[in-house]
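Visitor: for reference, the sequence and a predicted model appear below.
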Amino acid sequence: MSNIEHSLDMAANIKGAFAVALVDWDSGMMLGSRGGSAEFDLDVAGPGNSDVIRTKLEVVQKLGLRENIEDILITLDTQYHLLRLIRGTDEKLFFYLVLNRAQANLAMARRDLRVIEQDFYLAHPSANARPVQAGPEGQFFPSNAQR
């Protein structure tokens with residue numbers, strides 16, 4: 001199983017997950033997805049959120065902020081839309097996770113997606129090693145210096 005498939009499967013298992021996609025924010029191309037429905041077309045939503053990422057990155061640059069975007073949260077009446085940039089690779093990728101608000105725990109979903117992003121980074125062929133420490137049950141979290 002490819003790293004993309006594994007990461008999407010892991011994200012789809014986050015409590016309350018309705019849909020997930022891995023998207024190239026530069027081109028808007030989806031590299032894979034899970035979930036969705038006839039009423040929620042991931043082929044439209046995933047690439048559409050590439051515009052959100054690009055716009056926010058432009059604003060951060062124009063403001064001269066020396067900060068990295070970790071994730072972007074869009075809160076709807078019944079859903080959370082979480083855009084998590086994958087840092088440390090040459091590609092311009094992000095995870096797009098749609099959660100059912102009634103079922104999801106937003107804090108846990110953000111944490112789980114961060115762990116999946118870090119796992120994807122570490123398994124990516126072009127990734128450079130960065131310090132991590134093993135957490136409970138073999139999960140990996142950034143060292144205190146990385147938080």
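Guide: Thanks, I have the structure now.
Visitor: okay, now residue 117: neighbour count?
Guide: Neighbourhood size, residue 117 [other Cβ atoms under 10 Å]: 22. Quick note: C-beta positions are derived from backbone N, CA and C, even for glycine.
Visitor: how about the host helix or strand of it: buried residues?
Guide: Per DSSP states H and E, residue 117 falls inside helix 106-123. Judged by neighbour count using 16 or more other Cβ atoms under 10 Å, the buried positions of helix 106-123 are 109, 110, 112, 113, 114, 115, 116, 117, 118, 119, 120, 121.
Visitor: then stretch 59-68?
Guide: Residues of stretch 59-68 include none that count as buried (16+ other Cβ under 10 Å).
Visitor: so what secondary structure elements neighbour the helix holding residue 117?
Guide: Applying 3 or more Cβ pairs under 8 Å, 6 or more residues apart in numbering; DSSP states H and E, we find helix 106-123 packed against helix 3-12, strand 71-75, strand 79-86, strand 93-100, strand 140-142.
Visitor: please name whichever of the ones you listed is nearest to residue 44.
Guide: strand 93-100 (11.6 Å; Cβ to Cβ).
Visitor: average pLDDT for the closest one, rounded please.
Guide: Mean pLDDT, computed over strand 93-100, is 96.
Visitor: buried sites along it?
Guide: 93, 94, 95, 96, 97, 98, 99.
Visitor: would TSV of those with distance to residue 63 be doable?
Guide: Shown next, in TSV, are the buried residues of strand 93-100 (distance: Cβ to Cβ, whole Å):
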residue	distance to residue 63
93	24
94	20
95	25
96	24
97	26
98	28
99	29
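Visitor: got the angle for the lengthiest helix in the chain vs strand 79-86?
Guide: Ranked by residue count under DSSP state H, the longest helix found in the chain is helix 42-62. Going by axes from the mean of the first three to the mean of the last three Cα atoms, to 10 degrees, helix 42-62 is angled at 60 degrees with respect to strand 79-86.
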